[in-house]
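1. Following is a predicted model, sequence given first.
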Amino acid sequence: MASEPSGRPSWDEYFMDITALVAGRATCLRRRVGAVLVREQRIVATGYNGAPVGVRHCLEVGCLRAQMGIPSGERHELCRGLHAEQNAIIQAALYGVSIEGAILYCTTMPCIICTKMLINSRIQEIVYREGYPDQLAADMLAEAGIPIRRLPPAGETRGGVDRSAPPSRAEDRT
């Protein structure tokens with residue numbers, strides 16, 4: 001989505017820019033991810049990837065996944081951290097805020113574990129910036145009827161086409 005004629009960012013750009021700021025708090029050594037849950041153009045919860053409260057961060061003890069040689073996108077359970085989307089859902093729950101009907105803005109396309117949580121949370125749409133190699137997540141979101149859109153960085157195009165429009169094929173979603 002393009003900026004408004006006034007030079008103000010569109011709502012999509014505004015919330016996506018905030019996800020990058022939230023990602024700055026991440027403690028993962030491999031990937032910094034930020035998530036923002038929005039209802040009626042208001043932020044209701046944010047999350048970034050990192051270890052649970054009271055547990056040492058990977059910044060302090062190293063990356064378990066790297067130590068075990070686990071590639072990105074595999075064996076999610078073998079990690080000290082929670083994903084940004086999981087932390088956003090948990091924050092909303094802790095403070096009694098419904099996220100039903102919310103839009104998730106995320107720096108990265110959600111993995112299959114987060115996707116299942118988002119589907120059951122009744123998220124209405126997912127807007128992300130970077131792809132993630134998880135075709136099952138894209139397929140399940142399509143089956144659940146939850147639209148996903150890639151919002152590229154300002155000015156980025158592929159093949160002369162503005163890619164901020166919704167993808168037309170599942171392979172464009174990841």
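-> Good, I have the coordinates. Predicted model, so just to flag it, every value in this text is computed and none were measured.

2. Ramachandran coordinates for the residue sitting nearest the centre point of the chain?
-> The centroid of the chain falls nearest to residue 106 when counting by C-alpha atoms, centre = their mean (2.8 Å). The phi/psi pair for residue 106 (degrees, to the nearest 10) reads phi -150, psi 140.

3. For it, give the beta-bridge partners.
-> Applying DSSP bridges to residue 106 gives these bridge partners: residue 35, residue 128.

4. For it, give me the pLDDT.
-> Per-residue pLDDT puts residue 106 at 98.

5. which residues does it contact?
-> 19, 33, 34, 35, 36, 84, 85, 126, 127, 128, 129 (C-beta atoms under 8 Å, 6 or more residues apart in numbering). The C-beta positions use only the backbone N, C-alpha and C, and glycine is treated the same way.

6. Could you give the number of residues near the residue nearest to the last one when sequence neighbours are not counted?
-> Right, the one you point to is residue 129. Excluding the flanking residues, the one nearest residue 129 by C-beta to C-beta, 6 or more residues apart in numbering is residue 107, at 5.2 Å. For residue 107, the neighbour count with other C-beta atoms under 10 Å is 22.

7. Alright, that wraps it up for me.
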